[in-house]
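Q: I need the structure of the sequence given here:
(chains A and B)
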There are 2 protein chains.
Amino acid sequence: MAQQERAVRTRRAVLEAAAAVFAERGYAAATITEILGRAGVTKGALYFHFDSKAALARGVLREQLRAEYHLPRDLKLQEWVDAGMTLATRLPQEPLLLAGVRLSADLQGQGVFDSAWPAWGGLTSCVLTEAKRRGEVLPHVVPEETAQVFLGSCVGVQFVSQAVAGWTDLDARMSALFDHILPAIAAPAVLFRLDTASDRGARVIAEVRQRSTDLAGVPG
Amino acid sequence: MAQQERAVRTRRAVLEAAAAVFAERGYAAATITEILGRAGVTKGALYFHFDSKAALARGVLREQLRAEYHLPRDLKLQEWVDAGMTLATRLPQEPLLLAGVRLSADLQGQGVFDSAWPAWGGLTSCVLTEAKRRGEVLPHVVPEETAQVFLGSCVGVQFVSQAVAGWTDLDARMSALFDHILPAIAAPAVLFRLDTASDRGARVIAEVRQRSTDLAGVPG
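A: Residues are numbered from 1 along each chain as shown, chains lettered A, B, ... in the order given. As a prediction, this is how the structure comes out:
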């Protein structure tokens, strides 16, 4: 294995171990010692990539907005729904995302390592601005305001799902949330074409994985 | 002062002191000693009313749904909006409500002292069921589902308002939340008659206080 590839793998192992510990214990209670034990790397290797616990938290938060499950669709609003629904499906299974949710909601930590909330809000605002330019969104809608409502609602829907159902009903809760917000913002002709079913996230993820399998099978 | 009146005042002082400590430190870090100090009562007086820290938390949570600011309106949906908007206005100023929000969201505590969430969800569900019976709500709406979406959204909107603005923008965030959910559930002829302005809570509270002043002024 080339030296550069080894470094990438080590960095990834450290990030995933840190995410698992942050997701379980929160930032304040997490220790570098436990992260080292889970990652199976030396202290030197960890500090080569991340010089502090705060740097690890920032690294985890930067992983939140990877776009690998964002496929282009005819409707920009469907892309917005897909981003929310794939997140709802992946969140309970991926420590990196669970850690992002917990770190972003850490009131004490927000001064130390930021939060993914501004990036989430900004992403929604961009997508809605483009959807409005295309006429998919009603003229009175202010994208930044809708983005803030959606950010708050998502944070709470995730939190309540975790508390009352151990994340198992997050797909259904996110689907219901979209069904309750879209009529306020989508043009009527667009609204009835949107797929907000609770298995939407699982179907989009399967589609993305099928595509990457197909690409891998193409003779080079 | 009669003995019974004194007991009521002591109980209230203990509850308010407990609420202030729970709101600031959370349940786990709160101590009976600090609550005693704030309430200015003896340990015996506190234990006469509440036999444990968990009983204090349950007492605080039972204070969440007092209906003194719920005035009857022509539209049931306006009563729903008023309940949400008066809560948004009162929350930042009332430790009893702040403590209720924090205790309800305490994942460790929910087995020990319950949560106000089921009562909140049940209240919304009842109001929407009655609104639907009166034809204010669209026929496809399932009150329990909308109540869960609203519960999750409120929890998150409160949390984000606390985190990014120290509660100062909660009125505006709740107003925007109603504006984004009502079009999905309200009959069109009802929707345009609803007042969801961000100062709605303050106006309803002033109205309630004026009424009680007027009543107090009526010769007996």
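
Q: got any ranges where chain A has weak pLDDT?
A: Scanning chain A for pLDDT under 70 picks out A:1, A:218-220.

Q: which one is the residue in it that chain B sits nearest to nearest to, not counting chain neighbours?
A: Closest residue of chain A to chain B, Cβ to the nearest Cβ: residue A:156 (2.3 Å). Glycine gets a C-beta too; all of them are placed from N, C-alpha and C. Residue nearest to residue A:156 in three dimensions, not counting chain neighbours: residue B:156, with 2.3 Å by Cβ to Cβ, 6 or more residues apart in numbering or on different chains.

Q: quick check: phi and psi at the one you found.
A: Dihedral pair for residue B:156: phi -70, psi -40, per degrees, to the nearest 10.

Q: doesn't residue A:159 make contact with it?
A: Yes - Residue B:156 lies in contact with residue A:159 (Cβ atoms under 8 Å); the separation is 6.5 Å.

Q: circling back to that earlier point, residue A:91 versus the residue nearest to residue A:156, what's the distance?
A: Residue B:156 sits 14 Å away from residue A:91, taking Cβ to Cβ, to the nearest Å as the criterion.

Q: with residue A:11 instead?
A: In this view, residue A:11 and residue A:91 are 23 Å apart by Cβ to Cβ.

Q: so those two - more neighbours on which side?
A: The residue with more neighbours, out of residue A:11 and residue A:91, is residue A:91; 21 against 18, by other Cβ atoms under 10 Å in any protein chain shown.

Q: can you tell me the closest non-neighbouring residue to the more buried one?
A: In this structure, residue A:91 finds its nearest non-sequential neighbour in residue A:97, 4.8 Å apart by Cβ to Cβ, 6+ apart.

Q: repeat for residue A:178
A: Of all residues not flanking residue A:178 in the chain, residue A:196 sits nearest, at 4.3 Å (Cβ to Cβ, 6+ apart).

Q: equivalent analysis for residue A:107, please.
A: Residue A:107's closest residue in space is residue B:163 (Cβ to Cβ, 6+ apart), at 5.6 Å.

Q: how does chain A divide into domains?
A: Domain segmentation of chain A under automatic domain parsing yields A:3-62, A:76-217.

Q: quick one on the thing from earlier: number of residues surrounding the residue of chain A closest to chain B?
A: 26.

Q: interface residues of chain A facing chain B?
A: Within reach of chain B by Cβ under 8 Å from any Cβ of the partner chain, chain A has these residues: A:105, A:107, A:110, A:115, A:117, A:145-146, A:148-149, A:151-164, A:173, A:176-177, A:179-185.

Q: which among those count as buried?
A: Burial by neighbour count, 16 or more other Cβ atoms under 10 Å in any protein chain shown: within the residues of chain A next to chain B this picks out A:105, A:115, A:117, A:145-146, A:148-149, A:151-164, A:173, A:176-177, A:179-185.

Q: from those residues, which land in helices?
A: Among these, the members falling in helices (DSSP state H) are A:117, A:145-146, A:148-149, A:151-164, A:173, A:176-177, A:179-185.

Q: tally of neighbours for residue A:174?
A: As a burial measure, residue A:174 scores 29 neighbours (other Cβ under 10 Å).

Q: residue B:181 versus that one, what's the distance?
A: 15 Å.

Q: how about residue A:160?
A: Applying Cβ to Cβ, the value for residue A:160 to residue B:181 is 15 Å.

Q: so which residue is smack in the middle of chain A?
A: Centroid-nearest residue in chain A: residue A:64, 4.6 Å away (criterion: Cα atoms, centre = their mean).

Q: dump stretch A:60-76 to CSV, restricted to CA.
A: Taking C-alpha atoms only, stretch A:60-76 is exported to CSV below (Å, rounded to 0.1, in the frame of the first residue of the first chain):
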residue,chain,number,x,y,z
VAL,A,60,-16.5,15.2,11.7
LEU,A,61,-18.7,18.2,11.0
ARG,A,62,-17.0,18.8,7.6
GLU,A,63,-18.1,15.3,6.6
GLN,A,64,-21.8,16.1,7.0
LEU,A,65,-22.5,17.6,3.6
ARG,A,66,-21.0,15.1,1.2
ALA,A,67,-23.1,15.0,-1.9
GLU,A,68,-22.7,11.4,-3.1
TYR,A,69,-26.4,10.8,-2.7
HIS,A,70,-27.5,13.9,-4.4
LEU,A,71,-28.7,12.9,-7.9
PRO,A,72,-29.9,15.5,-10.4
ARG,A,73,-33.7,15.5,-10.9
ASP,A,74,-36.1,17.3,-13.3
LEU,A,75,-37.5,19.1,-10.2
LYS,A,76,-35.1,21.0,-7.9
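
Q: buried residues in that stretch?
A: Applying a neighbour-count criterion of 16+ other Cβ under 10 Å, one finds A:60-61, A:63-64, A:69-70, A:75-76 buried in stretch A:60-76.

Q: check stretch A:193-204 too.
A: Across stretch A:193-204, burial judged by 16+ other Cβ under 10 Å covers A:194-198, A:200-202, A:204.

Q: swap in stretch A:128-148?
A: Buried residues in stretch A:128-148, counted by 16+ other Cβ under 10 Å: A:128-132, A:136-138, A:141, A:143, A:145-148.

Q: with stretch A:16-31 instead?
A: With burial defined by 16+ other Cβ under 10 Å, the residues of stretch A:16-31 counted as buried are A:16-23, A:26-27, A:30.

Q: restricted to helices, list those.
A: Within these, residues falling in helices by DSSP H are A:16-23.

Q: rewinding a little: from the buried residues of stretch A:193-204, which two are the most distant?
A: Farthest-apart pair in those is A:194 and A:202; separation 16.9 Å (Cβ to Cβ).

Q: surely residue A:43 touches residue A:36?
A: Yes - taking Cβ under 8 Å as the definition, residue A:43 is a contact partner of residue A:36 at 6.0 Å.

Q: what about those two, which has more around it?
A: Using other Cβ under 10 Å, the more surrounded residue of residue A:43 and residue A:36 is residue A:36, with 18 against 10.

Q: hang on, the more buried one is in a helix, isn't it?
A: Yes - counting by DSSP: H, G, I helix; E, B strand; the rest coil, one finds residue A:36 located in a helix.

Q: in contact with it, which residues?
A: A:17, A:42-43, A:46 (Cβ atoms under 8 Å, 6 or more residues apart in numbering or on different chains).

Q: just the closest of these to residue A:168, please.
A: The shortest gap between residue A:168 and any of the contacts of residue A:36 belongs to residue A:17, at 25.2 Å (Cβ to Cβ).

Q: who touches that closest one in this structure?
A: By Cβ under 8 Å, 6+ apart, the residues touching residue A:17 are A:35-36, A:38-39.

Q: can you list the buried residues in the strand or helix carrying residue A:44?
A: In the assignment (DSSP states H and E), residue A:44 maps to helix A:43-49. Across helix A:43-49, burial judged by 16+ other Cβ under 10 Å covers A:45-46, A:49.

Q: ok so, going back, out of the buried residues of stretch A:16-31, give me the two with the largest separation.
A: Taking Cβ to Cβ, the two most distant members of the buried residues of stretch A:16-31 are A:16 and A:26; they sit 17.2 Å apart.
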